[in-house]
Structures are given as C-alpha cells and as structure tokens.
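Asks: Let me see the structure of the following:
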Amino acid sequence: MVELDIKIGAGDLYDYNLRHAYNSPSGIMGSVLGALMILVGAGRGQWIFVIGGAVLLAYLPWTLFLRSRQQAMNNPAFQNTLHYILDDRGITISQGEETATQSWEDMVKAVSTGRSVIVYTSRVNATIFPRRQMGDKAVSVIECISTHMPPGRVKIRT
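Replies: The predicted model follows:
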C-alpha cells in the first residue's frame, strides 16, 4: 500500500493534455500537416504556407496551455490536495468528505512522461501523479501500478 498527497496544478494538467493530444490521431495529423506546410512553403517560396504551418503547429500547444490554466483555476477538485491510496483493490482518491475508488481491472493503461505518471481510468480520464510531488514514493507507486495492471497496459519509464 502506498499513500500520498498531491495537488494538481496547471503545469501537471498541461503535461497530461500534451501527452494525450499528441498521442491521438488528430494531434499527430495536425503536427504532420503543419510541418509539411512549412517544408513545402519554404521550398516553393510561398510564405503563406510557412505562416499557416507555423500557426497550425503553435495552435494546439497554446490552446492546451490556456485550457489547463483555466481548468486548474475553475475546477474545485484541483483547488485542494488530493489524497491517494494505492493498494490491492485499486486507487482510492479522497478530498474532504468525498472518496472514490477505481479498481485495477477498470484501469485502461498506465503511461509516463518526463513530468508525470498517468493512469488512465477511461479513454479520456486519468489520474495524474506528478513526479516532483511523489518524491521518494515514485518507485513504490510505479511498482504498485506495474504489479496490479497487465504488462501490456503499462508503459512507464523510470
């Protein structure tokens, strides 16, 4: 069993949103299209394509940044610290009087970024464990996730 307290901030949400967006088909296609527009436009001297490609490449990170800031400020769940318990049953999250448990069988996948360990509880929802807040418990959290989820669903780099 591992217990930890985490306060999710705008940077943590931004890291999650970037990873989620750029690993989706639309995020990949937008990046490829933007890069192609820049390459073709520069090669042919058509600067409107270069500008359009740059705008296309900058649009997604900028909107994700703004959305993450707004979500961190407006969502009551991110205003206070969340208490997590990882045990044999699953991940229990509590804040104030509210408690919710997600069983390991219901977890979709677990991934990592340079800043976070992310456990998807559905295709679009996830539990975020920022590495800087896990501290010395990071290894225990990763071991607990890896032990309770099928290996094919865990893609965590330490």
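Asks: Residue 158 contacts residue 142, correct?
Replies: Yes. If you go by Cβ atoms under 8 Å, residue 158 and residue 142 touch, sitting 6.3 Å apart. Every C-beta, even on glycine, is put in place using the N, C-alpha and C of the backbone.
Asks: how about the helix or strand hosting residue 142: buried residues?
Replies: Assigned by DSSP states H and E, residue 142 falls within helix 138-148. Judged by neighbour count (16 or more other Cβ atoms under 10 Å), helix 138-148 contains these buried residues: 138, 141, 142, 144, 145, 148.
Asks: Closest one to residue 101 out of these, please.
Replies: residue 148 (13.0 Å; Cβ to Cβ).
Asks: could I get the buried residues of helix 138-148 as TSV with distance to residue 53 and pLDDT?
Replies: Shown next, in TSV, are these (distance: Cβ to Cβ, whole Å; pLDDT from 0 to 100):
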residue	distance to residue 53	pLDDT
138	38	92
141	40	94
142	38	94
144	43	94
145	38	95
148	44	94
